[in-house]
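*Asks:* compute the structure for the input listed below.
(chains A and B)
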Protein chains: 2
Amino acid sequence: MKILRTLLAGLAVLAAGLGTAQGADPLASWNDGPAKAGVVAFVAAVTDRASPDFVPPAERIAVFDNDGTLWAEQPAYFQLFFAIDRVKALAPRHPEWKTRQPFKAAIEGDLKALVASGEKGILELVMASHAGTTTDEFQQIVREWLAGARHPKYERPYTELVYQPMLELLAYLRANGFKTFIVSGGGIEFLRAWAEPVYGIPPEQVIGSSIVTKFEVRDGKPVLVRLPEMKFIDDKADKPVGISQHIGRRPIAAFGNSDGDFEMLQWTTAGKGARLGALVHHTDAQREFAYDRESHIGRLKRGLDEAPARGWLVVDMKRDWKRVFAFER
Amino acid sequence: MKILRTLLAGLAVLAAGLGTAQGADPLASWNDGPAKAGVVAFVAAVTDRASPDFVPPAERIAVFDNDGTLWAEQPAYFQLFFAIDRVKALAPRHPEWKTRQPFKAAIEGDLKALVASGEKGILELVMASHAGTTTDEFQQIVREWLAGARHPKYERPYTELVYQPMLELLAYLRANGFKTFIVSGGGIEFLRAWAEPVYGIPPEQVIGSSIVTKFEVRDGKPVLVRLPEMKFIDDKADKPVGISQHIGRRPIAAFGNSDGDFEMLQWTTAGKGARLGALVHHTDAQREFAYDRESHIGRLKRGLDEAPARGWLVVDMKRDWKRVFAFER
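*Replies:* Take a look at the predicted model:
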């Protein structure tokens, strides 16, 4: 049995190799152009043993921002919609929320008033909606929410709002020996609830913002309880810190879309040898959204200004992507 | 070229399968007995697709304490010897240390006085010796120290003081689709400097205690600077917290040796399905060291008392290990 399984596994590896050799394009949703060519040239350089830029597989670490890089982030971070729905679900137990901001705004679905409550208000909302459960319960809550919730514009599950070209890129890198990681400002446990089936990225390769958890024994059973206290905000200059803490070595490729990813790209591309930094530029108001320098969410200014001098690729969604979402015809 | 490489990889997989089938014992340094039998039965149960305890490869997570579980920890944690040597190296820049504890004790190599300085003293020593460099510099410092330092009893490099049966166990689990992680009270960056060549465990699968790091740009180059401030102590009830933070799912197997590992084993074995918890019991004064309930380092009391009722294996070094270290004849 064991030999048979091993034999089949061996054959599957061979078949996969032949499939690629026969020319199926692993980046079929990318238009030919500088972005696609840049990615392919980088991967060729670091995987060719004869290349001076060859990198051993163990060091082929690629990091990806999530919101706006792997899935959409407009008209607001999807996790904010989760927080709002969670506050609505918990509201019957909190009659005082009806008259207290930011909860009143959340219950009434008033996104403008919510944004007006500022960072402090948003944080208060996240705490109230993300803490107070065990880690196991929280994952279940996120999964149930994702199964029922729909994006306000596309009227589809949020997990269908992932970018098809980026899914292909993730698979392409993994097929070339890369380990792919998410490095997101979003909640680490929120992401882990669905990143594996959607992106093929296991929980141990997800880095994100976190709240404090505490080990407790309840009725003889050990649990980890989520407390309403921020532990780490995985954004800006703390993205390299999160990478260092979780991965312990410098990535050779980094993909982002906003100035919150600037330091992550800076850290990645400052290493020796071939490095790839790339920014997804939201230029397609028709198929997705168009925003950059002035946007409240996913603001991209410094990145656009400095990308050429730093040798970072700018992926122009409108120009470079044949398809944005898998559900497009 | 690609097809050739894939073909060779496929053949290597086949050869590995045949090698195992032909009966080479992957746990050759383990004596036959309940410990070895328990490990083998567990691995058989979770890897057999026909078994009710089958676990898909992605969920085969095994966690290992380091000090006293993968390598020795007597007469003191090896990282403490590193801290002492580092303080000695830095002493010329700190004349005030000559008369100030715990630095005076470290410089004079007075282990007793060091221990007498208590947790606060040890922490002060660790901060002075582990902070103030960049992450890249620190890894280099650890590697250089390991190349030159010798264990006081064995007079060998500390990296030779790893347990041969545990190296075999790590390889055996990985050959059966497990991902192996270190979950140590030791410093995460200290461990990452050598865990990959010594244990085959990459940096991203090392969890440990950490100090705060900060992103800075120095002369146009981004660096991560290590600050003298504790961030996380990965011990006791915080081991499950560290596991949750880094891995994001519950391990199915956990190996420890002291009561500092109790909660890690408790958390691991409380999950559904087949679980393995195991404690290395230091019973061999001749080949290694003998200590448990009363030891200052690696104290094992509650674990010994509760292991039978919890179904945890106790690995008796003297009885269960044919060899302790690879350098034994």
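*Asks:* the stretch 101-250 of chain A: strands as residue ranges?
*Replies:* Using DSSP state E, counting those that start in this stretch, the strands assigned to the stretch 101-250 of chain A run over residues A:179-187, A:206-218, A:221-232.
*Asks:* how far out from the middle of the chain is the second one?
*Replies:* Meaning strand A:206-218. Computed by CA atoms, centre = their mean, to the nearest Å, the chain-centroid distance of strand A:206-218 equals 20 Å.
*Asks:* quick one: low-confidence parts of chain A?
*Replies:* Scanning chain A with the threshold set as pLDDT under 70 gives A:1-22.
*Asks:* with distance to chain B added, can I get the strands of the stretch 101-250 of chain A in a markdown table?
*Replies:* Any C-beta I mention is one placed from the backbone N, CA and C, and that applies to glycine too. Shown next, in a markdown table, are the strands of the stretch 101-250 of chain A (distance: least, CB to the nearest CB, whole Å):
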| stretch | distance to chain B |
| --- | --- |
| strand A:179-187 | 7 |
| strand A:206-218 | 4 |
| strand A:221-232 | 5 |
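*Asks:* so which of the ones you listed is the most packed in?
*Replies:* Among these, strand A:179-187 has the highest mean neighbour count (mean count of other CB atoms under 10 Å in any protein chain shown), at a mean of 23.
*Asks:* coming back round to it: possible to save the strands of the stretch 101-250 of chain A as TSV with distance to residue B:263?
*Replies:* Formatted as TSV, these follow (distance: least, CB to CB, whole Å):
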stretch	distance to residue B:263
strand A:179-187	24
strand A:206-218	6
strand A:221-232	7
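*Asks:* close to chain B: what parts of the stretch 151-300 of chain A are there?
*Replies:* A:179, A:188-189, A:192, A:196, A:202-206, A:210, A:213-215, A:217, A:221-222, A:224, A:237-238, A:240-241, A:244-249, A:263, A:266-267, A:270 (CB under 8 Å from any CB of the partner chain).
*Asks:* just to revisit the earlier point, wait, which of the strands of the stretch 101-250 of chain A is closest to residue A:133?
*Replies:* strand A:221-232 (5.7 Å; CB to CB).
*Asks:* which strands or helices does that closest one pack on?
*Replies:* If contacts are counted by 3 or more CB pairs under 8 Å, 6 or more residues apart in numbering or on different chains; DSSP states H and E, strand A:221-232 sits against helix A:118-130, helix A:135-148, strand A:206-218, helix B:238-246, helix B:262-269.
*Asks:* kindly export the second one (C-alpha atoms) in PDB.
*Replies:* I take that to be helix A:135-148. Below are the C-alpha coordinates for helix A:135-148, written out as PDB (Å, rounded to 0.1, in the frame of the first residue of the first chain):
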ATOM      1  CA  THR A 135     -10.200  31.000  19.700                       C
ATOM      2  CA  ASP A 136     -12.200  27.900  18.500                       C
ATOM      3  CA  GLU A 137     -15.500  29.700  18.800                       C
ATOM      4  CA  PHE A 138     -14.200  32.700  17.000                       C
ATOM      5  CA  GLN A 139     -13.100  30.700  14.000                       C
ATOM      6  CA  GLN A 140     -16.600  29.200  13.800                       C
ATOM      7  CA  ILE A 141     -18.200  32.600  14.000                       C
ATOM      8  CA  VAL A 142     -16.100  33.900  11.200                       C
ATOM      9  CA  ARG A 143     -16.900  30.900   9.000                       C
ATOM     10  CA  GLU A 144     -20.600  31.200   9.600                       C
ATOM     11  CA  TRP A 145     -20.500  34.900   8.800                       C
ATOM     12  CA  LEU A 146     -18.600  34.300   5.500                       C
ATOM     13  CA  ALA A 147     -21.100  31.600   4.500                       C
ATOM     14  CA  GLY A 148     -24.000  34.100   4.700                       C
END
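*Asks:* pull out the buried residues from that helix.
*Replies:* A:135, A:138, A:139, A:141, A:142, A:145, A:146 (16 or more other CB atoms under 10 Å in any protein chain shown).
*Asks:* residue A:53 against residue A:43, yeah?
*Replies:* No. Applying CB atoms under 8 Å, one finds residue A:53 not in contact with residue A:43, separated by 10.6 Å.
*Asks:* these two: who's more crowded?
*Replies:* For the pair residue A:53 and residue A:43, the greater number of neighbours falls to residue A:43 (24 against 15), based on other CB atoms under 10 Å in any protein chain shown.
*Asks:* that's a helix at the more buried one, yeah?
*Replies:* Yes. Residue A:43 forms part of a helix when assessed by DSSP: H, G, I helix; E, B strand; the rest coil.
*Asks:* burial count for the residue lying closest to it once chain neighbours are set aside?
*Replies:* Among residues not flanking residue A:43 along the chain, residue A:176 sits closest, at 5.2 Å (CB to CB, 6 or more residues apart in numbering or on different chains). Other residues near residue A:176 come to 16 when the count uses other CB under 10 Å.
*Asks:* enumerate every residue touching residue A:176.
*Replies:* Applying CB atoms under 8 Å, 6 or more residues apart in numbering or on different chains to residue A:176 gives the contacts A:43, A:47, A:60.
*Asks:* I'd say residue A:130 and residue A:83 touch.
*Replies:* Yes. With contacts counted by CB under 8 Å, residue A:130 reaches residue A:83, the gap being 7.0 Å.
*Asks:* now do residue A:292 against residue A:299, distance only.
*Replies:* Look at residue A:292 and residue A:299: by CB to CB, to the nearest Å, they are 7 Å apart.
*Asks:* ok, now residue A:98?
*Replies:* 33 Å.
*Asks:* same check, this time on residue A:323
*Replies:* In terms of CB to CB, residue A:323 sits 26 Å off from residue A:299.
*Asks:* ditto for residue A:96
*Replies:* 34 Å.
*Asks:* those two: which has the busier surroundings?
*Replies:* residue A:299 (16 against 8).
*Asks:* contact partners for the more buried one?
*Replies:* A:258, A:259, A:292, A:293.
*Asks:* now list the buried members of these.
*Replies:* Buried by 16+ other CB under 10 Å: A:258, A:259, A:292, out of those.
*Asks:* adding secondary structure, write those residues out as TSV.
*Replies:* Listed next are the buried ones among the contacts of residue A:299 as TSV, based on three-state DSSP:
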residue	secondary structure
A:258	coil
A:259	helix
A:292	coil
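*Asks:* quick one: those as CSV, columns for distance to residue B:102 too.
*Replies:* Putting the buried ones among the contacts of residue A:299 into CSV (distance: CB to CB, whole Å) gives the following:
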residue, distance to residue B:102
A:258, 46
A:259, 45
A:292, 54
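*Asks:* could you single out the nearest of those residues to residue A:77?
*Replies:* residue A:258 (11.2 Å).
*Asks:* how about the closest one, nearest residue that isn't a chain neighbour?
*Replies:* Per CB to CB, 6+ apart, closest to residue A:258 is residue A:298, 4.4 Å.
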